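Peer 1: when you get a sec, could you give me coordinates for this:
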Amino acid sequence: MQAPLDPETAPRPKIKDLEVMVGEVVRETPEAATLVLFTGNDRLEYRPGHFLTLEPQQFRALERFIAYFEDCKGTKEQARAYSLSSAPHERSLAITIKEERYVPGITRYPPLLSPLLVWDTLPGTRLVVTGFSGPYVLPHDIESRTDHLVHMCAGSGIVPNMSILKHALHQHLKVRHTLIYANRVWEDVIFRQQLDELAAAHPKRLRIVHALSREKKRLRSSSDVRRGRVTEEIIREFVPDPSSVEVFVCGPGVTKFDRLAAKEKGGEPQRRFLEAVMTHLASIGVPRGRIHRESYG
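Peer 2: Okay, here's the model as predicted:
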């Protein structure tokens, strides 16, 4: 009998195009929506944390904008990557998208695809997606690496971590989870109800800490809700053994456009969530090899 393949060294599933249909659009927050995708009988092989990509050229409504952007940039408009919020054990694929905004003086170009996906994609819409890829995935040997997995997310950075959380809890992996989730206000919290339900169903395996930087309403009296940004002190409180944890960090990071803009002004770009958290983790002694990171922006 042939020996089973080691999951870490086995050939990766071939990247392929999939024809899908939007079965449901779930409004998560005022700026974010989940597209539930039906794939027919296609066998789906992906890992929690993977993303898929969409070519904007398939949307006829974007034809003129794409032509303009390609003329300005002098290059083909690239596919957009969206993390899967579904987990491998679930029947349908799902991606969760937060609408990007154009900010004069900061954003280089107006966002192209995310507003269309969030606001103008209806059930029954047919799409071609390419999947699956990305290094920000749950290691197969996570149980031998740690018994405490810390998720540190901001905004839509929760999306791949939601897939990882659902998978790990469903598989009954012997790992407890702490999620430190940063947002401006309560209504920005993506998957708020689902997260509450997961925490209630797995009280010994999942703890959720919310950090709200601009919430003006009175916060409920709880050690797991904090006003302000994610600080080194908060991380120290919820990561008692920095040398043995495994950390997944996902949120906005400094982009190449930020660096170019800062360079033009003769300075350095202001650090964002990802850079701040990486600094805090280094300060408390989390080994860099135990940190998985993914940024957007």
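Peer 1: how about low-confidence regions in this structure?
Peer 2: 1-14, 41-43, 220-223, 262, 297 (pLDDT under 70).
Peer 1: give the buried residues for the longest strand seen in it.
Peer 2: Longest strand of the chain, by residue count under DSSP state E: strand 16-29. Buried positions in strand 16-29, judged by neighbour count with 16 or more other CB atoms under 10 Å: 18, 20, 22-23, 25, 28-29. C-beta coordinates here come from the backbone N, C-alpha and C atoms, glycine included.
Peer 1: and those as a markdown table, adding distance to residue 81?
Peer 2: A markdown table is the format used below for the buried residues of strand 16-29 (distance: CB to CB, whole Å):
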| residue | distance to residue 81 |
| --- | --- |
| 18 | 15 |
| 20 | 16 |
| 22 | 18 |
| 23 | 21 |
| 25 | 20 |
| 28 | 19 |
| 29 | 20 |
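Peer 1: from the residues you listed, which single one is nearest residue 276?
Peer 2: residue 29 (22.6 Å; CB to CB).
Peer 1: who does the closest one bridge with?
Peer 2: residue 32 (DSSP bridges).
Peer 1: residue 18 now?
Peer 2: The partner residues for residue 18, given DSSP bridges, come to residue 129.
Peer 1: that one is in contact with residue 132, isn't it?
Peer 2: No: counting by CB atoms under 8 Å, residue 18 does not reach residue 132; the two are 9.4 Å apart.
Peer 1: which residues are common contacts for those two?
Peer 2: Common contacts of residue 18 and residue 132 (CB atoms under 8 Å, 6 or more residues apart in numbering): residue 52.
Peer 1: the strands in the stretch 51-200 of the chain, which residues?
Peer 2: Assigned by DSSP state E, counting those that start in this stretch, the stretch 51-200 of the chain shows strands spanning 51-54, 80-83, 93-98, 126-133, 148-154, 176-183.
Peer 1: now do the fifth one: which elements does it pack against?
Peer 2: Contact partners of strand 148-154 among helices and strands, from 3 or more CB pairs under 8 Å, 6 or more residues apart in numbering; DSSP states H and E: helix 158-170, strand 176-183, strand 246-252.
Peer 1: hmm, who's touching the first one?
Peer 2: So the one you mean is helix 158-170. Under CB under 8 Å, 6+ apart, the answer for helix 158-170 is 48-51, 82-90, 95-96, 134, 136-138, 142, 149, 151, 153, 175, 177, 179, 181, 190-191, 194-195, 198, 201-202, 205-206, 248, 250, 294.
Peer 1: hang on, the earlier thing: which two among the buried residues of strand 16-29 are spaced furthest apart?
Peer 2: For the buried residues of strand 16-29, the farthest-apart pair by CB to CB is 18 and 29; their separation is 26.9 Å.
Peer 1: could you check how far the nearest residue to residue 59 once chain neighbours are set aside is from residue 29?
Peer 2: In this structure, residue 59 finds its nearest non-sequential neighbour in residue 116, 6.2 Å apart by CB to CB, 6 or more residues apart in numbering. For residue 116, the distance to residue 29 equals 17 Å [CB to CB, to the nearest Å].
Peer 1: repeat that for residue 216.
Peer 2: From residue 216 to residue 29 the distance is 17 Å (CB to CB).
Peer 1: follow-up on the earlier one: let me have the strands of the stretch 51-200 of the chain in TSV, extended by mean neighbour count.
Peer 2: Output for these, formatted as TSV (neighbours: other CB atoms under 10 Å):
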stretch	mean neighbour count
strand 51-54	21
strand 80-83	20
strand 93-98	24
strand 126-133	18
strand 148-154	25
strand 176-183	22
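Peer 1: closest one to residue 272 among those?
Peer 2: The nearest among the strands of the stretch 51-200 of the chain, by CB to CB, is strand 148-154 at 8.5 Å.
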